[in-house]
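Colleague: next input, structure requested:
(2 chains)
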Amino acid sequence: MENLKLELKEKIIDALNLVDMTPADIEDDAPIFMEGLGLDSIDALELMLLMEKNYGIRMSNPAEGKKVFKSINAMAEYISANRTK
Amino acid sequence: MSKERQWSGKTDGTLWMHKALIGCLKILPMGLIYFINALVVPFYMLVNHEGYLAIYHYLRQRQGRGPLRAFFGCYRNHFLFGASLMDRFAAYAGRQFQVKKTGFDVFNSLVEQEQGFIMLSSHIGNAEMSGYMLSTPLKRMNAITFPEEKASVRSNRDRMLEANNIRLISADGLDWLFTLNAALSDGEIVSMHADRLFGSSKALKVTILGAEAQIPMGPFNLGASRGLPVTASFCMKTGYRSYEAIQYRLDTPEMDTMTKKEKMEYLAARYAAVVNEVLEKWPLQWYNFFEFWN
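Modeller: Numbering: from 1, shown residues only, chains lettered A, B, ... in the order given. As a prediction, this is how the structure comes out:
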């Protein structure tokens, strides 16, 4: 799980072009949107694309999506349970 | 973004006013409606002074008109905007308009492909009219709308557009992003405004009519990161009961070797170029009633 979290952080930094950040700057349980990484709607769509391209997970359910994108911990748990790639 | 550089994007009026208007449009001749519109416009120009000034500045500075020509241009702009709104309600009431299609070979070939595409619209002309007059039976179109729109307007649109295989998605909260994502994954069309910031404050700088302006990054980022075709769509009022619907394809094979950032900027520059082209031909159908340029 720790490897997946690190991989996920690296992919998020790359996909969202967070050039000033390193994986160590992203806390596992910090909120991803607003007060956490300060992401917005454009970034949310990038994260959905990241999930689909890298892990074969299609995000279409808003209620489920909000839980998944709550933190790195939540994303990693969801990916390990649902990934097809 | 400061208040004078924003516009709420909502259609004025209450539910009963919209219902009454649709009722009137079922029985009254359009000529009479336009005549009433012509009488109301001066009052609207006075009441909506910020919007009037924004159009006056656009005609003076971006279209190079003298003070008097710009003033009368403002009147015609407001009249045309009112007429376009009336046409929209007339379409709700079941009236038909003639629509000439230009560039639809591009649109038709994209509709036949398995992958979805992104269709950019603008507050120029009457984009919504093309939705009432043109249907896309092969591919569902998902049109992103501003959440401020009144429920009555939305329900009328829903009813009209569903028949043409068009679904409206209100950009409210985060839920709509999941619907949009699923639509693109399913190979559907997503239509969104590319000249108004919403959902994100990230913007791209482009040159339109010789001056720098900011347009939302989202639509162009979506096209660049997903490698999907991107078109720009306009529906211009050309006569009493006629429109011209125009489609431009913005992505080109040259983009294959570009980085994501370069693709995004390229698409934005292409969009700005077609907006220029349309505004040169129809300068009075610019309906961004706020100070659009930096």
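Colleague: buried sites along the strand or helix carrying B:L68?
Modeller: Assessed by DSSP states H and E, B:L68 sits inside helix B:67-92. Using 16 or more other CB atoms under 10 Å in any protein chain shown as the burial criterion, the residues of helix B:67-92 that qualify are B:70, B:73-75, B:77-92. No exception for glycine: its C-beta is placed from N, CA and C like everyone else's.
Colleague: ranges for the helices of the stretch 101-250 of chain B?
Modeller: Along the stretch 101-250 of chain B, counting by DSSP state H, counting those that start in this stretch, helices occupy B:104-112, B:127-133, B:151-162, B:175-185, B:218-226.
Colleague: quick one, which of these is packed in tightest?
Modeller: Stretch with highest mean neighbour count among those: helix B:218-226 (a mean of 24; mean count of other CB atoms under 10 Å in any protein chain shown).
Colleague: what about it and chain A, any contact?
Modeller: Yes - for helix B:218-226, a contact with chain A is found by CB under 8 Å from any CB of the partner chain, at B:G218, B:N221, B:L222, B:S225, B:R226.
Colleague: show me what the helix holding B:L68 is packed up against.
Modeller: On a contact count with 3 or more CB pairs under 8 Å, 6 or more residues apart in numbering or on different chains; DSSP states H and E, helix B:67-92 meets helix B:15-27, helix B:30-47, helix B:49-57, helix B:127-133, helix B:151-162, strand B:230-239.
Colleague: who in chain A is up against chain B?
Modeller: Within chain A, the positions near chain B by CB under 8 Å from any CB are A:15, A:17, A:33, A:40-46, A:48-49, A:52, A:58-62, A:65-66.
Colleague: hmm, try it at 7 Å
Modeller: Chain A comes close to chain B at residues A:40-42, A:44-46, A:48-49, A:52, A:58-62, A:65-66, as judged by CB under 7 Å from any CB of the partner chain.
Colleague: what's in contact with stretch A:17-36?
Modeller: Stretch A:17-36 is contacted by residues A:K5, A:L6, A:K9, A:E10, A:I13, A:L37, A:L39, A:F69, A:K70, A:S71, A:I72, A:N73 when judged by CB atoms under 7 Å, 6 or more residues apart in numbering or on different chains.
Colleague: show me what counts as buried in it.
Modeller: Residues A:L18, A:I26, A:I32, A:F33 are the ones in stretch A:17-36 that count as buried (16+ other CB under 10 Å).
Colleague: output the residues you listed in a markdown table; the columns should cover secondary structure and pLDDT.
Modeller: Below are those laid out as a markdown table (DSSP: H, G, I helix; E, B strand; the rest coil; pLDDT from 0 to 100):
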| residue | secondary structure | pLDDT |
| --- | --- | --- |
| A:L18 | coil | 84 |
| A:I26 | coil | 88 |
| A:I32 | coil | 81 |
| A:F33 | strand | 75 |
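Colleague: relative to chain B, which of these is nearest.
Modeller: A:F33 (7.8 Å; CB to the nearest CB).
Colleague: where does chain A have low pLDDT?
Modeller: Low-confidence segments of chain A, defined by pLDDT under 70, span residues A:34-38.
Colleague: list the buried residues in stretch B:249-267.
Modeller: For stretch B:249-267, a neighbour-count test (16+ other CB under 10 Å) marks B:R249, B:L250, B:D251, B:M255, B:K263, B:M264, B:E265, B:Y266, B:L267 as buried.
Colleague: of the helices of the stretch 101-250 of chain B, which is nearest B:A54?
Modeller: Across these, B:A54 has its closest neighbour in helix B:127-133 (19.4 Å, CB to CB).
Colleague: hmm, who's touching the closest one?
Modeller: B:87-88, B:91, B:97, B:99, B:121, B:143, B:160-161, B:164, B:166, B:233-235, B:243, B:245.
Colleague: find the centremost residue of chain B, please.
Modeller: B:S122 (3.4 Å; CA atoms, centre = their mean).
Colleague: which ones are touching the residue of the stretch 1-150 of chain B found nearest chain A?
Modeller: Here the residue of the stretch 1-150 of chain B nearest chain A is B:I144; by CB to the nearest CB that distance is 10.6 Å. Counting by CB under 7 Å, 6+ apart, B:I144 touches B:I169, B:A171, B:W176, B:L180, B:V190, B:S191, B:M192.
Colleague: tell me how far the last one lies from B:P29.
Modeller: In this structure, B:M192 and B:P29 are separated by 35 Å, where distance is defined by CB to CB, to the nearest Å.
Colleague: higher neighbour count, the two?
Modeller: Remark: of B:M192 and B:P29, B:M192 carries more neighbours, 22 against 9, as counted by other CB atoms under 10 Å in any protein chain shown.
Colleague: columns mean pLDDT on top of the helices of the stretch 101-250 of chain B, output as JSON lines?
Modeller: JSON lines is the format used below for the helices of the stretch 101-250 of chain B (pLDDT from 0 to 100):
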{"stretch": "helix B:104-112", "mean pLDDT": "91"}
{"stretch": "helix B:127-133", "mean pLDDT": "78"}
{"stretch": "helix B:151-162", "mean pLDDT": "68"}
{"stretch": "helix B:175-185", "mean pLDDT": "91"}
{"stretch": "helix B:218-226", "mean pLDDT": "93"}
